[in-house]
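Peer 1: Got a predicted structure here, sequence first:
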Amino acid sequence: MKKGPFKSFVRGFTLIELLVVIAIIAILIALLLPAVQAAREAARRIQCKNNLKQLGLALHNYHDVHSAFPPGGTYLAGTVQPAGWSIQARLLPFIELANLTNLIDFGKKYSLQPAVTSVRIATLVCPSEVNDKAYVDGAITYWPVSYAANYGEWFLWNPLSGEIGTGAFAPNAKIGFRDFRDGTSNTLAMAEVKAFQSYLRDVGPIANSPTPNDPATISSLGGTLKNSGHAEWVDSRSNQTGFTTTFTPNTKVPYNDSGSIRDIDWVNIREGNNATEPTYAVLTSRSFHTGIVQGLLVDGSVRGFADSTDRGLWRGLGTRGGGEVLGEF
């Protein structure tokens, strides 16, 4: 008996089936992508917190050696002069960068030391910072900073009298643990800021007005618009390496730049640019972490502060001896 040959049939995908499979894969990717992004941001936030913890430890070690925290620049009284070296620069030997410190001559301007200014300091940059890039100003290259020092609420420094603001740091200051009458666990040392921050500067002297309460009024104070705030980790001026607690974390401070609304900082006179007039500043703590900024307290602990943080609480955290009763935060 002859048996006929077996016939085999290989059935392929129809076009509709292929499109359905592609659609399912696309949906799965769409569902997974936010989870992956959230996991990555959580990792970046942890690294950011670790950076602040390292800076907190560095501040304590600096204090052990010098019996005070580093000054926010050193300036001669009643003299127009260049910016000083930043608090962050003085912490370098305490974050395992002694070799870089050895290249610095603190008695000379940082603009004369390009081998130092052009170095990126990983501990000073938040992993979530979108503008992690060099800033070129003329012949000098700088790198930004994500962690700024607490210079107080509004008033920073009077170059004639030497009076300083309410924060943990100030020009020419030798502030130590003894000066934190509010308690080291109730005072901010550092908080996050954004690199290449837009800001108005150098409008000149202003009246000794109270601390502003309305962000919308800041642009009316005037000044020249720049987009290089917090872009130079070596510079002690507050617009580069400091923040103030005038407004709560991530508060929008609007400025109409020819129809484009920018979120700005403001400083009337940068430290060293006037021999007699005081410096006032609005330098808001901002971050790329959704809904919070991370802050370092003087006791070395790191906390997340929500955008909804009470303004009175935030300003109280900005003072070293204001006597505020802060309660739980």
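Peer 2: Cool, got the structure. Residues are numbered from 1 along each chain as shown.
Peer 1: Contact partners for residue 124?
Peer 2: By CB atoms under 8 Å, 6 or more residues apart in numbering, the residues touching residue 124 are 51, 88, 143, 144, 145, 146, 147, 233. Where you see a C-beta, it was placed from the backbone N, CA and C, and this is true even at glycine.
Peer 1: What subset of those residues is buried?
Peer 2: 51, 88, 143, 144, 145, 146, 147, 233 (16 or more other CB atoms under 10 Å).
Peer 1: just curious, which of those residues is nearest to residue 298?
Peer 2: Closest to residue 298 out of these is residue 147 (14.1 Å), distances taken as CB to CB.
Peer 1: Quick check: the closest one touching residue 302?
Peer 2: No. Taking contacts as CB atoms under 8 Å, residue 147 lies outside contact range of residue 302: 10.5 Å.
Peer 1: Among the contacts of residue 124, which lie within helices?
Peer 2: Counting by DSSP state H, the contacts of residue 124 place 51, 88 in helices.
Peer 1: farthest-separated two in the contacts of residue 124?
Peer 2: So for the contacts of residue 124, where distance means CB to CB, the most widely separated pair is 51 and 143, at 14.3 Å.
Peer 1: Quick check: pLDDT value at residue 78.
Peer 2: Residue 78 carries a pLDDT value of 88.
Peer 1: Relative to residue 278, how far out is it?
Peer 2: 12 Å (CB to CB, to the nearest Å).
Peer 1: So if I had to pick from these two, which one is more boxed in?
Peer 2: Neighbour totals were compared for residue 78 and residue 278, and residue 278 leads with 20 against 12 (other CB atoms under 10 Å).
Peer 1: For this structure, which segments count as helices?
Peer 2: Taking DSSP H, the helices of the chain run over residues 15-66, 87-90, 98-101, 114-117, 238-241, 311-317.
Peer 1: Take the ones you listed and lay them out in CSV including distance to residue 152 and mean pLDDT.
Peer 2: Formatted as CSV, the helices of the chain follow (distance: least, CB to CB, whole Å; pLDDT from 0 to 100):
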stretch, distance to residue 152, mean pLDDT
helix 15-66, 17, 85
helix 87-90, 14, 97
helix 98-101, 27, 94
helix 114-117, 27, 96
helix 238-241, 9, 97
helix 311-317, 9, 96
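Peer 1: what's the most buried one of the ones you listed?
Peer 2: helix 238-241 (a mean of 30; mean count of other CB atoms under 10 Å).
Peer 1: next one: that one to chain centre, how far?
Peer 2: Offset of helix 238-241 from its chain centre (CA atoms, centre = their mean, to the nearest Å): 9 Å.
Peer 1: and it, what other elements does it pack with?
Peer 2: Helices and strands touching helix 238-241, by 3 or more CB pairs under 8 Å, 6 or more residues apart in numbering; DSSP states H and E, are strand 265-267, strand 279-282.
Peer 1: In PDB, list the C-alpha atoms belonging to stretch 255-264.
Peer 2: The C-alpha atoms that make up stretch 255-264 are tabulated as PDB, following Å, rounded to 0.1, in the frame of the first residue of the first chain:
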ATOM      1  CA  TYR A 255      10.500  87.500  36.100                       C
ATOM      2  CA  ASN A 256       9.200  88.500  32.600                       C
ATOM      3  CA  ASP A 257      12.200  88.300  30.300                       C
ATOM      4  CA  SER A 258      10.700  89.700  27.000                       C
ATOM      5  CA  GLY A 259       7.700  87.500  27.300                       C
ATOM      6  CA  SER A 260       9.500  84.500  28.700                       C
ATOM      7  CA  ILE A 261       8.800  83.900  32.400                       C
ATOM      8  CA  ARG A 262      12.000  82.900  34.300                       C
ATOM      9  CA  ASP A 263      12.200  81.700  37.900                       C
ATOM     10  CA  ILE A 264      14.900  83.900  39.400                       C
END
